[in-house]
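Engineer: Sequence plus the predicted model coming up.
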Amino acid sequence: MADWDADSPQLRTNLARLGASIQRGTSKRETPSRETARKWHRKMMAGLTAPLAAYVGRYRGEVGLENARVFIGTSEGSPPGVINHELAEFERKLQAVVAALDRRYPVGEDIDIDGVAAVTDLAGWAHAEWVRIHPFANGNGRTARLWANFILVRYGLPPVVRLRPRPRGDYQAVCVMAMEKRWLPTANFIRRLLSQLNLT
């Protein structure tokens with residue numbers, strides 16, 4: 001089996017299936033939650049070898065990962081002891097904004113230019129916040145990109161953030177800024193990807 005971090009055919013197959021599943025589920029408009037990401041993580045890592053089985057589908061701070069720390073370059077993700085609290089806040093804010101957008105743009109209704117801006121901001125915020133928290137021991141970037149695409153597709157926009165390999169250009173720089181609690185650069189990165197398709 002391939003390593004859980006290697007750019008393997010199995011990982012690419014898993015990510016393609018997840019992307020397709022997200023696109024199929026747009027009409028259902030399920031409430032996004034931290035459990036959504038936990039399921040994604042398990043599917044993403046299916047058939048791959050993790051250092052410990054406990055790492056798959058579990059957040060840092062949970063049983064088996066009580067002391068698991070992660071670093072992104074020189075920046076450290078949130079400490080394991082605060083992950084649960086930070087995910088609860090992430091979930092609360094995400095669900096509140098999604099509920100407001102769902103009321104404004106029901107399933108099947110075209111989204112206007114203000115809606116595209118709001119959805120892009122939410123996708124950027126969710127991606128950046130997931131990167132900042134870094135709740136899993138591995139696979140956080142892929143999960144953050146899934147969050148961005150999940151939100152875009154929910155409102156009829158294309159999933160423009162490549163899952164693997166990592167996007168090029170200034171993507172790494174916006175992730176560094178996300179670690180500093182700056183989400184707007186990520187939203188602007190997504191906005192540029194959409195603009196290349198003449199959608200913004």
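Structural biologist: That came through, no problem.
Engineer: low pLDDT regions in the protein?
Structural biologist: 199-200 (pLDDT under 70).
Engineer: switch to 80 and redo it
Structural biologist: Scanning the chain for pLDDT under 80 picks out 1, 26-27, 73, 198-200.
Engineer: show me what contacts the residue nearest the centre of the chain?
Structural biologist: Centrality entry for the chain: nearest residue to the mean C-alpha point is residue 144, 2.2 Å, by Cα atoms, centre = their mean. Contact analysis of residue 144 by Cβ atoms under 8 Å, 6 or more residues apart in numbering lists 126-128, 130-131. Using the backbone N, CA and C atoms, a C-beta is placed for each residue, glycine as well.
Engineer: Count the neighbours of residue 130 for me.
Structural biologist: Neighbour count of residue 130, defined by other Cβ atoms under 10 Å: 25.
Engineer: do the same with the one 3 residues further on
Structural biologist: When counting by other Cβ under 10 Å, one arrives at 23 neighbours for residue 133.
Engineer: wait, doesn't it sit right on residue 89?
Structural biologist: No. Residue 133 is not in contact with residue 89 according to Cβ atoms under 8 Å; the separation is 9.2 Å.
Engineer: how near is the residue nearest to the centre of the chain to residue 191?
Structural biologist: Separation of residue 144 from residue 191 (Cβ to Cβ, to the nearest Å): 16 Å.
Engineer: what's the answer for residue 134, then?
Structural biologist: 24 Å.
Engineer: now the strands for the protein?
Structural biologist: Ranges of strands within the chain are 2-3, 48-49, 71-72, 75-76, based on DSSP state E.
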